[in-house]
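*Asks:* Structure for the following, please:
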Amino acid sequence: MSAPENSAVLVSPVATNEAIYPLDPEHWKLRVVVFGAFFSVAMFIIVLTPALLGGDGLSIIGVLGGLIGGYLASALAERFLKGRWHSSRSLRVSNSGVRLMKGETVEQEVPITSTIVPLRWKFTITRRTRVPKGWWMYACSLAAGDRQITVYTFISPKDNELFSRADQFARLHGKKEIQKAGAAPPQNLRQAGEERRLREAEEHRWLAGGEMSFSDFTDLLDRLDQQFQEWTPVSS
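*Replies:* Now for the predicted structure:
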């Protein structure tokens, strides 16, 4: 995973004091194109190499060259497209509240007039996928009844050490972490309720959350704290 991108937040000239944040920097269309670049370049090199070497069938050199060439092509495609080709989803923050958009359609809205339950949580990545193992996931959720908007970001261990807001995010432990640590101390009703809310919010993140770059995520937190101070959770 590449280093955090530069902030892509836009300020709308139409709505007063409205900020627009692009979501899902690695959306599925981009991933399809990146995979297509890998597959097409790899197959081209694998097929072309035997003809150039004057042999028949597959060539070990061709296979290795195809894998290397495909990897380089996909890396270049991702580097060029990421940050330029945005998904259709965005987050809009204005004086009236927060809206999750898909194009010009409102997917979800949390107005300022609602009673908001703000949640912020974090955990470490324990297995390597597209996000390196050891990185941190930080999430921010605003819930109002059956309405909920959740955004999140991933940051490196180095950035995590410098993140001044880290204590605003409750630590969410995975099942393996809990088992490794042994029996947990008994929870009171408040702690149990908070744990349940965080688990439910994490499930919502999986299903409908929007990923942001780290720079946009920190800018969003600053904006929320300035415009909606009552939505800022108490530091854990």
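*Asks:* hey, let's count contacts and neighbours off CA atoms from now on
*Replies:* Fine.
*Asks:* And the helices in this structure?
*Replies:* Secondary structure of the chain (DSSP state H): helices located at 28-53, 60-81, 157-162, 175-181, 189-208, 214-227.
*Asks:* From E161, how far out is L64?
*Replies:* Remark: distance between L64 and E161 (Cα to Cα, to the nearest Å) = 39 Å.
*Asks:* And those two? Which one has more around it.
*Replies:* Neighbours per residue, other Cα atoms under 10 Å: of L64 and E161, the larger number sits with L64, 14 against 10.
*Asks:* Residue ranges in this protein under the pLDDT threshold?
*Replies:* 1-16, 26-31, 33-34, 54-58, 77-78, 80-87, 175-191, 233-236 (pLDDT under 70).
*Asks:* Burial check on the closest residue to T232 other than its chain neighbours, number of neighbours?
*Replies:* Nearest residue to T232, sequence neighbours excluded (Cα to Cα, 6 or more residues apart in numbering): D225, at 6.0 Å. Residues lying near D225 (other Cα under 10 Å) number 14.
*Asks:* try Y152
*Replies:* By the criterion of other Cα under 10 Å, Y152 has 22 neighbours.
*Asks:* State the distance from it to F214.
*Replies:* 9 Å.
*Asks:* how about a markdown table for the helices of the chain, with distance to M137 added?
*Replies:* Written out in a markdown table, the entries for the helices of the chain read as follows (distance: least, Cα to Cα, whole Å):
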| stretch | distance to M137 |
| --- | --- |
| helix 28-53 | 20 |
| helix 60-81 | 21 |
| helix 157-162 | 10 |
| helix 175-181 | 15 |
| helix 189-208 | 11 |
| helix 214-227 | 10 |
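*Asks:* re the thing from before, D219 is in contact with the residue nearest to T232, correct?
*Replies:* No. Using Cα atoms under 8 Å, D225 is not in contact with D219, being 10.0 Å away.
*Asks:* And F217, how close does it get to I116?
*Replies:* F217 is 19 Å from I116, by Cα to Cα.
*Asks:* Compare those two and say which is more crowded by neighbours.
*Replies:* F217 (22 against 18).
*Asks:* Number of residues surrounding T113?
*Replies:* 9.
*Asks:* whoops, E200 was the one
*Replies:* 11.
*Asks:* give the contact list for the residue lying closest to G69 once chain neighbours are set aside.
*Replies:* Counting by Cα to Cα, 6+ apart, the nearest residue to G69 once its immediate chain neighbours are dropped is A42, at 6.0 Å. Neighbouring residues of A42 by Cα atoms under 8 Å, 6 or more residues apart in numbering: V63, G65, G66, L67, I68, G69, G70.
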